[in-house]
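Peer 1: Build the 3D model from these lines:
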Amino acid sequence: MVKNTVLILVCLFALLHSKAEAKVGFAFDFDQRFYLLKDVKQNIWGYRGGPYINQKFKCGIGVYYGNNTYFLKSNSLWAADLDIYSDFNLQLKQLGFSIYVEPVFYKGKYSEWSVVSELAYFKNNYYILSGSKSNQHIKATYIPAAVGISSNLKFGDHFKSPVFRWFGINIMAGYRFDIYESETSLNMEGVHLSISSAIFLDKIWSDLKGWNKDK
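Peer 2: Prediction:
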């Protein structure tokens, strides 16, 4: 994980300091993820952002938090993984970060499309609230990877106020793969969906510069 982070930072540093002129902006998105797993549905909240290079390539870091409570049957996969043979309630708290790369393959007036690849690191806390192993607390390190398609939908100049140019809607769909989890072997692979707001800092910056020139 550390090696991958250092490698991405070194590549980014080299790119930004290369002889070729690079136009560097910044992209930030709120990121609410819905995971559709076999036994449960999972929801985490986050925020991700980083450099947007030549309007063709994004990379950066995301920070995420999740707090989900489930009622699980004794015959569920998670019950078997936790060695629980009765129906039980489980609370899962998650805190983590991700690093991502996101090449843009289409950029139009009202939308842009990109491919997102990411690697994440989470601290998972499992609280077994009822059942044969009630009042147990399991701490685990969880490392997943994910790939997906992302689309930013822009409001453009449909409204009179230029402020609407600064915001849009981000839609993402992809798949998460389990790489490593300590202490437990819960299967958290599955499809994820995200619908969140997007902030276009390049448009904010260009508008503010234009307003200052007009003064």
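Peer 1: For residue 171, which non-adjacent residue is closest in space?
Peer 2: Nearest non-adjacent residue to residue 171, counting by C-beta to C-beta, 6 or more residues apart in numbering: residue 151, 4.9 Å away. C-betas here are computed from N, CA, C, even on glycine.
Peer 1: Looking at strand pairing, list the partners for that neighbour.
Peer 2: With DSSP bridges applied, residue 151 shows beta-bridge pairing to residue 113, residue 171.
Peer 1: got a list of what it touches?
Peer 2: 111-114, 170-172 (C-beta atoms under 8 Å, 6 or more residues apart in numbering).
Peer 1: With residue 65 instead?
Peer 2: Contacts of residue 65 were listed using C-beta under 8 Å, 6+ apart, and they are 44-46, 94-95.
Peer 1: Return a ChimeraX selection command for the buried portion of those.
Peer 2: This is the ChimeraX syntax for the buried subset of these, where burial follows 16 or more other C-beta atoms under 10 Å:
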select :44,46,94
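Peer 1: Dump the contacts of residue 65 into TSV; add secondary structure, distance to residue 104 and pLDDT as well.
Peer 2: Formatted as TSV, these follow (DSSP: H, G, I helix; E, B strand; the rest coil; distance: C-beta to C-beta, whole Å; pLDDT from 0 to 100):
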residue	secondary structure	distance to residue 104	pLDDT
44	strand	24	95
45	strand	25	94
46	strand	21	93
94	strand	29	97
95	strand	29	98
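Peer 1: which one of the contacts of residue 65 sits closest to residue 127?
Peer 2: Distance to residue 127 across the contacts of residue 65 (C-beta to C-beta) is lowest for residue 94, with 12.0 Å.
Peer 1: That closest one contacts residue 122, correct?
Peer 2: Yes: using C-beta atoms under 8 Å, residue 94 is in contact with residue 122, at 5.1 Å.
Peer 1: Spell out which residues are contacts of both of these two.
Peer 2: What both residue 94 and residue 122 touch, as defined by C-beta under 8 Å, 6+ apart, is the set 64, 142.
Peer 1: Could you pull out the helices in the chain for me?
Peer 2: Taking DSSP state H as the criterion, the chain contains helices spanning 2-16, 77-81, 201-214.
Peer 1: Nearest to residue 102 among the contacts of residue 151?
Peer 2: residue 114 (4.8 Å).
Peer 1: Report the contact partners of the closest one.
Peer 2: 58, 102-105, 149-151.
Peer 1: check contacts around the nearest residue to residue 51 once chain neighbours are set aside.
Peer 2: Once flanking residues are discounted, residue 51 sits nearest to residue 24: 5.4 Å by C-beta to C-beta, 6+ apart. Residues near residue 24 by C-beta under 8 Å, 6+ apart: 16, 51-54.
Peer 1: what residue ranges in this structure score low on pLDDT?
Peer 2: 1-21, 156-163, 202, 206, 209-215 (pLDDT under 70).
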